[in-house]
Structures are given as structure tokens and as C-alpha cells.
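In: Structure, please.
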Amino acid sequence: MGAANRECLGWAARDPSGILSPYKFTRRTVGSDDVSVSILYCGVCYADVIWSRNKLGHSNYPLVPGHEIVGIVTQTGSKVDRFKVGDHVGVGTYVDSCRECEYCDSELEVHCSKGAIMTFDSVDVDGTITKGGYSSYIVVHQRYCFRIPENYPPQLAAPLLCAGITTYTPMIRHNMNQPGKSLGVVGLGGLGHLAVKFGKAFGLKVTVFSTSISKKEEALNLLGADSFVISSDEKEMRALAKSFDFIINTASGDISFDLYLSLLKTAGLLVLVGFPSEVKFNPGSLNLGAKTVTGSITGGTKHTQEMLDFCASHKIYPEIELIPIEYCNEALERLINRDVKYRFVIDIASSLKL
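Out: As a prediction, this is how the structure comes out:
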């Protein structure tokens with residue numbers, strides 16, 4: 001039996017309780033364009049909660065979550081030319097796509113017309129269900145792996161593969177990287193804290209909007225935001241009318257879109273990367289002032305590698321709490337309760353043992 005078929009150990013949910021426990025399975029054989037990656041670290045994303053607990057109603061069990069993966073290449077297929085054994089690589093939210101449609105041709109594979117194959121709970125090319133990074137290794141087509149820049153700490157790279165690229169992609173797509181412009185960041189969690197760091201690296205004037213005064217000191221002093229506003233203070237909010245070029249909403253709680261749209265300058269842009277229960281606003285809030293509301297998810301392979309390189313060159317590092325795999329159930333509960341600053345990362349290599 002080759003290395004590609006060796007037993008894989010993961011932690012899986014067996015039912016909608018979402019409780020994870022050890023689970024052994026076998027990965028698919030390494031194909032000619034595949035790499036096998038021994039996983040070092042895996043970030044914990046809210047998607048792990050949603051899928052492990054069947055919040056969308058289509059989870060397949062046993063389910064191994066995790067799509068912020070960093071590891072070391074241990075085996076390469078015969079046609080692999082991007083990586084070699086020993087390289088540090090990352091794997092994000094998807095592991096394959098059709099590679100033929102207009103979006104794949106434009107390196108926007110996450111928007112593949114036939115549907116990207118997601119890193120976990122998706123039907124893989126061999127008909128099996130994909131299993132994510134809460135596991136000892138993973139087999140991935142080389143196109144969907146990313147080179148981790150030399151000297152970038154691998155445990156800090158993990159959150160960039162989802163939280164990082166989710167905030168970076170719309171900022172690049174919509175030219176939210178113009179020095180001197182003003183950016184509002186709604187929510188200060190895993191995504192929000194990286195939006196602040198990207199904004200500052202782009203030379204923007206960054207204001208954090210939060211419902212929690214307890215986040216003020218870290219927003220200003222740790223993350224480097226220029227201003228902090230309690231979003232429930234209507235007087236303070238209205239005083240900021242027509243003062244922002246861009247707003248990125250990283251929160252999934254419901255907000256007053258009319259209020260936030262009123263904070264935008266003429267032709268201002270509000271980007272939604274969270275998933276509130278509804279998006280509702282008066283048409284006049286959009287039309288008067290020629291404002292734009294747009295949405296975004298993660299990003300294509302080109303932007304993902306670009307983002308990793310940008311973080312390395314600008315010394316942008318996520319704030320993490322490193323945990324052993326045995327703590328993953330508690331971490332998911334804490335994530336639900338917003339009790340993390342600002343991203344859990346599982347130390348797979350040190351704690352996941354066969």
C-alpha cells in the first residue's frame with residue numbers, strides 16, 4: 001500500500017449534534033497532478049459549526065470539517081511542477097473545479113460554473129465525500145494548493161486561507177486599497193480583525209464599528225484602527241453621515257443597512273462578506289448618492305497566492321489562539337459565543353496522533 005493510501009486520522013461529527021470525535025478513514029490515491037500534504041495546522045471557521053451541526057440541512061456524516069489548512073508536501077504526482085516534497089503549502093475552502101469555464105479560466109475557481117468542489121462535505125472527483133483539515137493529511141490537485149512564503153509562521157498562515165482571502169478579495173476587486181480613503185469595518189471577529197489589518201496596510205483610514213465597548217482598546221492599540229464607534233449609539237453613528245468611501249460588513253448579525261448606507265459618501269461601496277438573516281434597505285438609500293451594495297465569498301487561486309505574499313511582505317499576521325485537537329469541541333462552542341481573539345488554530349501535528 002502506497003503512502004497515498006495510508007490510514008488518515010481525523011476528528012468527525014457523526015450527527016447534527018456536531019460533537020467531534022476521532023475517526024479513521026482513507027484518502028483517495030495521489031493522482032498525476034496531486035500532492036499529498038501532511039497537515040500541520042488547521043484554522044477553525046464558523047463554517048465548521050454550520051456544517052458539523054447540519055444548519056443548512058445537507059451535511060453528510062461522518063463529517064470532517066476544516067478549510068484553513070497548512071502543511072508540508074510529502075508526495076507529488078508525476079505531473080506536479082508547482083511543488084516538491086518538503087514545501088510548506090496551504091489549502092483553502094475548495095480543492096477542485098472544472099478548470100474549463102470562464103471563471104476557472106480567469107482564476108476565479110470559487111465561482112466555477114459547475115460548482116467548485118469544497119474542501120469538506122462535497123462530492124470529490126472519485127465520487128467520495130471530501131473531508132477537511134481536522135485530519136492528519138489531505139490529497140489535493142496542485143492548482144488548489146498555495147505556497148506559504150518562506151519565513152511566514154505556518155500557524156499564522158492558516159486563518160488567511162479563509163478569513164484572510166474573504167476580506168482581501170473584495171478589497172482588491174473594488175479598489176478598496178487606495179491610500180487616504182476611509183474604510184469602515186463592521187464586526188471585529190476573525191474576518192473583521194483582518195479587514196482592519198489589510199485596511200491599514202493599504203493606507204486607509206480605518207474605523208471599527210462594534211456593539212461591544214470591550215473591543216475598543218484592542219481595535220485601536222493592538223490592531224491599529226484609527227477610530228472606534230459603538231454601532232448602537234445612534235447619535236454617534238449619524239454624526240458620521242457621508243464620511244466613508246468603503247464599508248465592509250464582516251458580521252453575520254442583523255444590522256440597519258439604511259443607517260450604514262447613510263454613512264457612505266457619494267458613490268460609496270458597502271461590501272457584505274457575512275451572512276445576516278436578511279438584507280433590507282430603502283431603495284432611496286441606494287439610489288440617492290449612487291451607492292453600491294455588493295457581496296463576496298472567498299477568492300480565486302490568483303488572489304489567494306497574491307494575498308499570502310502580500311501578508312508576508314507587509315508583515316500582516318492574524319491574532320490566534322493555538323489549541324490541541326482535543327479542544328475542538330470547546331473551541332466551536334466558544335466560537336458560537338464569540339469568545340475568541342481572533343481565530344482558533346488547531347495544532348494538528350503536535351496533538352493528532354494515530
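In: from here on, contacts and neighbour counts on C-alpha atoms
Out: OK.
In: can you pull out the helices in the stretch 201-350 of the chain?
Out: Secondary structure of the stretch 201-350 of the chain (DSSP state H, counting those that start in this stretch): helices located at 216-217, 234-238, 257-262, 283-287, 301-313, 328-336, 348-351.
In: Which of those helices sits closest to residue 59?
Out: Closest of these to residue 59 is helix 328-336, at 16.9 Å (criterion: CA to CA).
In: Check which helices and strands the closest one sits against.
Out: Packing contacts for helix 328-336, counted by 3 or more CA pairs under 8 Å, 6 or more residues apart in numbering; DSSP states H and E, involve helix 46-52.
In: try 6 Å
Out: Identification of packing neighbours for helix 328-336 by 3 or more CA pairs under 6 Å, 6 or more residues apart in numbering; DSSP states H and E yields no helix or strand.
In: tell me which residues in that helix are buried?
Out: 328-329, 331-332, 335 (16 or more other CA atoms under 10 Å).
In: Determine how far that helix lies from the middle of the whole chain.
Out: Centroid separation between helix 328-336 and its chain, computed with CA atoms, centre = their mean, to the nearest Å, is 17 Å.
In: For it, give the mean pLDDT please.
Out: Average pLDDT, helix 328-336: 96.
In: Ok, stretch 297-305 next?
Out: For stretch 297-305, the per-residue pLDDT averages 96.
In: what's the residue closest to the geometric middle of this structure?
Out: residue 162 (1.7 Å; CA atoms, centre = their mean).
In: Tell me which stretches of the stretch 201-350 of the chain form strands.
Out: 205-210, 227-230, 244-249, 264-272, 292-295, 320-323, 343-347 (DSSP state E, counting those that start in this stretch).
In: Kindly export the third one (C-alpha atoms) in CSV.
Out: Listed in CSV are the C-alpha atoms of strand 244-249, where the atom choice follows Å, rounded to 0.1, in the frame of the first residue of the first chain:
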residue,chain,number,x,y,z
PHE,A,244,-16.9,56.7,4.3
ASP,A,245,-15.6,55.6,0.9
PHE,A,246,-16.0,52.0,1.8
ILE,A,247,-17.7,49.8,4.4
ILE,A,248,-17.1,46.1,4.8
ASN,A,249,-19.6,44.2,6.9
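In: ok, residues contacting that strand?
Out: 182-186, 264-265, 268-272 (CA atoms under 6 Å, 6 or more residues apart in numbering).
In: if we go to 7 Å?
Out: Here strand 244-249 makes contact (CA atoms under 7 Å, 6 or more residues apart in numbering) with 176, 181-187, 263-265, 268-274.
In: for stretch 322-329, how far is the first residue from the last?
Out: 14 Å (CA to CA, to the nearest Å).
In: Which helix or strand contains the nearest residue to residue 349 once chain neighbours are set aside?
Out: For residue 349, ignoring the flanking residues on the chain, the nearest one in space by CA to CA, 6 or more residues apart in numbering is residue 40 at 4.6 Å. In this structure, residue 40 is located in strand 34-43 according to DSSP states H and E.
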